[in-house]
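Trainee: Show me how the following folds:
(one chain, ligands or ions: 1)
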Amino acid sequence: MNPDETAEHAELTRSERRVLRALGAGEPHRKVADGLGVELNTVRWHVRNLHTKTETSTPVALALWGVAHEGCCAAA
Ligand SMILES: [Zn+2]
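Mentor: Predicted coordinates for the structure are as follows:
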């Protein structure tokens with residue numbers, strides 16, 4: 001794990017936090033979309049914003065960020 005990719009807090013919307021948790025649970029984008037009742041493109045849009053806000057570039061880095069921040073900015 002690269003600590004530089006999990007250090008900074010971020011301001012996430014409720015939808016972004018839900019997407020982050022679903023991805024962290026290993027759900028594919030299609031399943032996340034069905035679970036949230038949104039289009040696949042909407043999930044992709046949230047994921048892009050999550051990468052920007054959390055300054056991560058890979059799904060693994062984003063998931064690690066979510067774990068590191070599950071008690072603060074990624075909390076439900
Ligand atoms: Zn945080």
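
Trainee: Just the buried positions in the longest helix that the chain contains, please.
Mentor: Taking DSSP state H as the criterion, the chain has its longest helix at helix 40-54. Neighbour counts using 16 or more other Cβ atoms under 10 Å place 42-43, 46-47, 49-51, 53-54 of helix 40-54 among the buried residues. All C-beta spots, glycine's among them, are computed from the backbone N, C-alpha and C.

Trainee: can you check stretch 16-36 too?
Mentor: Using 16+ other Cβ under 10 Å as the burial criterion, the residues of stretch 16-36 that qualify are 16-24, 27, 29, 32-33.

Trainee: Distance from it to the middle of the chain?
Mentor: On the basis of Cα atoms, centre = their mean, to the nearest Å, the separation between the geometric centre of stretch 16-36 and that of its chain is 8 Å.

Trainee: Just the residues contacting it, thanks.
Mentor: 12, 15, 39-40, 42-44, 46-47, 49-50, 53, 59, 62-63, 66-67, 70, 74-76 (Cβ atoms under 8 Å, 6 or more residues apart in numbering).

Trainee: Could you tell me which residues of this structure lie near the ion?
Mentor: 9, 69, 72-73 (Cβ under 5 Å from the ion).

Trainee: element containing the residue most central in space within the chain, please.
Mentor: Of all residues in the chain, the one closest to the mean position by Cα atoms, centre = their mean is Leu20, 2.7 Å from it. Taking DSSP states H and E as the definition, Leu20 sits inside helix 14-24.

Trainee: Show the average pLDDT along that helix.
Mentor: Here helix 14-24 scores 95 as its mean pLDDT.

Trainee: Which is the succeeding secondary structure element to it?
Mentor: Assigned by DSSP H and E, the successor of helix 14-24 is helix 29-36.

Trainee: Would you agree His46 is in contact with Ser15?
Mentor: Yes. Applying Cβ atoms under 8 Å, one finds His46 in contact with Ser15, separated by 5.9 Å.

Trainee: roughly how far is stretch 6-19 from the heart of the chain?
Mentor: If you compare the mean C-alpha spot of stretch 6-19 with that of the full chain, they lie 6 Å apart, counting by Cα atoms, centre = their mean.
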